[in-house]
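Q: missing the sequence, but the structure's below:
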């Protein structure tokens, strides 16, 4: 059985829609309380700097989301999250304080070398784009030219995805009146221009881009938003990075003055719906059972006639219903930004005037962020007018539903889990579906940590991850109201033996003499200690597999664990392993090392 059959989203789609039509989506907020925000820009240490794009990512690995802010006339900002409710701009000391001479527009965080650290791609108008490697010490090095990065265009959006499913993050750059560019990651620190071969060619007025799995077949497809009354394009991926344009067939080829784009499962049927900002009324495209989309913005109350740029789905009060924030350029038309609350019946309520998120600035990018990791999603608004700055609105809603945060860590897949899909069913029978993306809204990027509002739920009854590698992984025993890291294939797997058995790990190789595994034999009731003092402190996968290559246990070792010089595997793991002779392997970017181990 292949991964498309294992992952049961498709089979449930029609049945769920029928079910929802029978019971009605009339669920209101489980809490019935008002949403409360307060502007905390100055208090959070954000200075009066004009801004355009927002990229959210935890570049220093401390568990708190950091923010890179772009502005064409510079300087850019790197707002390091201090973990106490504030930010510190460390762009200068990090090497990322690009200035007006660099003419930057948009950026995206991504782990391009799979070392567990977020690197940064920056788009520059009519200048070579930049690619900065994270050195792991708070600084970055520009290695764009050696990596083959240097194309010139006018980037409006950057999206990262593994288009050919080889485990390495690729790059798609949306250019305005220049040829768009698709760069395949060669896995050796360099990139190859795959634009022509991809057949996803476009040199028009490209704006926002979204990579998502349109058909839920495990491949990253590409939605391209166009300005100047040009039609939206939907490119379907064949799994090898070759695309077919299907927008008209999918009923999403609207001709518009489109700008930003985001996706969420608005009606909780297990499929992503699409929101697009536009000059003359925004669009809400609802996914249909036959693979098409139905435009419902007017009926839903989210058509908003402002000069829309950025947009970001979020869950304001964790009731499980995706809400929506929209950034408008107030100097162009007298429409403020919009904050829409999902009513749960296919409609939204405009609640901006009842909350402290009012804005009469020229907003471009915007993004949801849980700045203090308290389980309530906050908001950032990038404002580019004279005398304006990035704004930070803290969510201070007093009563909020249950939530869950999931950070995905890939082993066979890219380390960030970009392109992975998560499906949850809670104890209230509600379905929650989301995909990990790297690029959305307008010139912006959301965190790769998925946030699920779960309403009145107290537990999950189902949870599964479909990884870009094709692995479908069930996860269990997850407590709510906290953040978890899910490592690809970690622990014990069911139904994926074929995938695991196809990989071998060099059993003839030996670990260095300095590395000690004890005890060996590994007996019941004891843990296993692995001396890692001689290993590089980079992300490392640990496997225990049979002599014919079938994995029976796997986990990932964080660089922080490796720095201690020793890693322990608990006795509870040993209790689940059958007696026999196996190979223990450590796999990272430095290579694969293996040693035979006897389990008694």
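A: Received the coordinates, thanks. These numbers come from a predicted model, not from an experiment.
Q: check which element follows the worst-scoring helix or strand of the chain on mean pLDDT along the chain.
A: The helix or strand of the chain with the poorest confidence is helix 497-501; it has a mean of 27 (mean pLDDT, DSSP states H and E). Following helix 497-501 in sequence order, the next helix or strand is strand 517-518 (DSSP states H and E).
Q: per-residue confidence averaged over that following strand?
A: Summarised as a single mean, pLDDT over strand 517-518 is 87.
Q: give me the contact list for that strand.
A: If you take Cβ atoms under 8 Å, 6 or more residues apart in numbering as the criterion, strand 517-518 is touched by 511, 528-531, 584, 595, 597. In this view, the C-beta of every residue, glycine as well, is placed from N, C-alpha and C.
Q: mind running it again at 7 Å?
A: Contact with strand 517-518 is made by 528-530, 584, 595, 597, as judged by Cβ atoms under 7 Å, 6 or more residues apart in numbering.
Q: pull the most distant pair out of these.
A: Maximum pairwise distance in the contacts of strand 517-518, criterion Cβ to Cβ, is 13.3 Å, between 529 and 595.
Q: ok, these two, which is more surrounded?
A: residue 595 (18 against 14; other Cβ atoms under 10 Å).
Q: what does the closest residue in space to residue 372 that isn't next to it in sequence show for phi and psi?
A: When the adjacent residues along the chain are set aside, residue 372 lies closest to residue 85, with 5.3 Å between them (Cβ to Cβ, 6 or more residues apart in numbering). Dihedral angles of residue 85 (phi, psi; degrees, to the nearest 10) stand at phi 100, psi 0.
Q: tell me, how many residues neighbour residue 85?
A: 15.
Q: pretty sure it sits against residue 44.
A: Yes. Counting by Cβ atoms under 7 Å, residue 85 does reach residue 44; the two are 6.5 Å apart.
Q: pLDDT weak spots in the stretch 251-400 of the chain?
A: 331, 353-356, 358, 360, 386-387 (pLDDT under 70).
Q: do a quick rundown of the helices in it.
A: With helices called from DSSP state H, counting those that start in this stretch, the stretch 251-400 of the chain shows them at 297-300.
Q: what ranges do the strands span in it?
A: 255-256, 258-264, 273-278, 283-287, 293-295, 308-314, 323-328, 338-342, 348-350, 363-369, 378-383, 391-395 (DSSP state E, counting those that start in this stretch).
Q: the closest residue to residue 352 other than its chain neighbours pairs with what?
A: Nearest residue to residue 352 in three dimensions, chain neighbours excluded: residue 339, at 4.3 Å (Cβ to Cβ, 6+ apart). Here residue 339 sits in beta bridges with residue 325, going by DSSP bridges.
Q: report the separation between residue 339 and residue 558.
A: Distance of residue 339 to residue 558, given as Cβ to Cβ, to the nearest Å: 37 Å.
Q: ok, residue 272 next?
A: Noted for residue 272: a distance of 30 Å to residue 558, by Cβ to Cβ.
Q: between the two, who's got more neighbours?
A: Counted by other Cβ under 10 Å, residue 272 and residue 558 do not tie: residue 272 has more neighbours, with 24 against 17.
Q: please parse the chain into its domains.
A: Per the TED database, the domain ranges recorded for the chain read 37-395, 528-599.
Q: just name the most buried of the ones you listed.
A: Of all those, domain 37-395 has the most neighbours on average by mean count of other Cβ atoms under 10 Å, namely a mean of 21.
Q: quick check: end-to-end length of that domain?
A: From its first residue to its last, domain 37-395 covers 5 Å (Cα to Cα, to the nearest Å).
Q: tell me the contacts of the spatially closest residue to residue 412 that is not a sequence neighbour?
A: Leaving aside its chain neighbours, residue 412 sits nearest to residue 469 (3.9 Å; criterion: Cβ to Cβ, 6+ apart). Residue 469 makes contact with 167, 412-413, 488, according to Cβ under 7 Å, 6+ apart.
Q: the stretch 501-600 of the chain: strands as residue ranges?
A: Going by DSSP E, counting those that start in this stretch, the stretch 501-600 of the chain shows strands at 517-518, 528-531, 540-545, 551-557, 566-569, 580-588, 591-599.
Q: could those strands go into TSV alongside distance to residue 406?
A: Shown next, in TSV, are these (distance: least, Cβ to Cβ, whole Å):
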stretch	distance to residue 406
strand 517-518	31
strand 528-531	27
strand 540-545	19
strand 551-557	15
strand 566-569	23
strand 580-588	23
strand 591-599	28
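Q: so which of those strands gets nearest residue 208?
A: Of all the strands of the stretch 501-600 of the chain, strand 551-557 comes closest under Cβ to Cβ, at 33.1 Å.
Q: which residues are contacting that closest one?
A: Contacts for strand 551-557 (Cβ under 7 Å, 6+ apart): 409, 411, 487, 489-490, 492, 500, 539-546, 567, 573, 577.
Q: give me the nearest residue to residue 268, chain neighbours excluded.
A: The spatially closest residue to residue 268, leaving aside those adjacent along the chain, is residue 431, at 5.4 Å (Cβ to Cβ, 6+ apart).
Q: the one you found: how many residues sit nearby?
A: Residue 431: 20 surrounding residues under other Cβ under 10 Å.
Q: in the sheet, who's paired with it?
A: In beta-bridge terms (that is, DSSP bridges), residue 431 pairs with residue 425.
Q: isn't it right up against residue 270?
A: Yes. Residue 431 lies in contact with residue 270 (Cβ under 7 Å); the separation is 5.3 Å.
Q: from residue 264, how far out is residue 366?
A: 15 Å.
Q: make that residue 403, sorry
A: 15 Å.
Q: likewise residue 181?
A: 27 Å.
Q: what does residue 182 give?
A: With Cβ to Cβ as the criterion, residue 182 and residue 264 are 25 Å apart.
Q: what's the answer for residue 449, then?
A: 15 Å.
Q: per-residue pLDDT, the residue lying closest to residue 127 once chain neighbours are set aside?
A: The shortest distance from residue 127 to any non-neighbouring residue, by Cβ to Cβ, 6+ apart, is to residue 103 (5.6 Å). Predicted confidence (pLDDT) for residue 103: 85.
Q: likewise the one 5 residues further on?
A: Residue 108 carries a pLDDT value of 98.
Q: show me what the mean pLDDT comes to for stretch 542-561.
A: Averaging pLDDT residue by residue across stretch 542-561 gives 74.
Q: how far does that stretch sit from its chain's centre?
A: Centroid separation for stretch 542-561 versus its chain: 25 Å, with Cα atoms, centre = their mean, to the nearest Å.
Q: any idea how far residue 350 is from residue 336?
A: Taking Cβ to Cβ, one finds residue 336 at 10 Å from residue 350.
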